[in-house]
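> make a model of this:
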Amino acid sequence: MKGKLWGDQFWSNGYFYEAVGRITSETAKFYIERQQGKHWTNINYEDYQMTQSEGQTTLMDFTAPP
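Now for the predicted structure:
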């Protein structure tokens, strides 16, 4: 297994991916800023509130009406 490790280490400085669903644009903004947090400083996450939309977003929500 050691020959398949990146830089001979099990963990690398990468990013964690979180799936998102049933979100508002504010929630997406919070998610993106939180993921960038290790690059930024002095972010007060208490300023953001997680919100949910009324229902799950589907692909049809992004298409023009017929």
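> point out where this protein drops to low pLDDT.
Scanning the chain for pLDDT under 70 picks out the ranges 1-21, 37-55, 66.
> since we're on Ser25, how many residues are nearby?
9 (other Cβ atoms under 10 Å). No exception for glycine: its C-beta is placed from N, CA and C like everyone else's.
> for the one 10 residues further on, same thing?
Burial of Gln35 is recorded as 13 neighbouring residues (other Cβ under 10 Å).
> how far away is it from Thr58?
Gln35 is 24 Å from Thr58, where distance means Cβ to Cβ, to the nearest Å.
> what's the answer for Glu33, then?
26 Å.
> the two: which is more packed in?
Using other Cβ under 10 Å, the more surrounded residue of Glu33 and Thr58 is Glu33, with 13 against 9.
> which SS class is that one?
helix (DSSP: H, G, I helix; E, B strand; the rest coil).
> return the distance of it relative to Thr24.
Relative to Thr24, Glu33 is positioned 14 Å away (Cβ to Cβ).
> next one: Leu59
For Leu59 relative to Thr24 (Cβ to Cβ), the value is 17 Å.
> more neighbours: which of these two?
Thr24 (14 against 6).
> what about the more buried one? Give its phi and psi, please.
Here is the backbone geometry of Thr24 (degrees, to the nearest 10): phi -100, psi 170.
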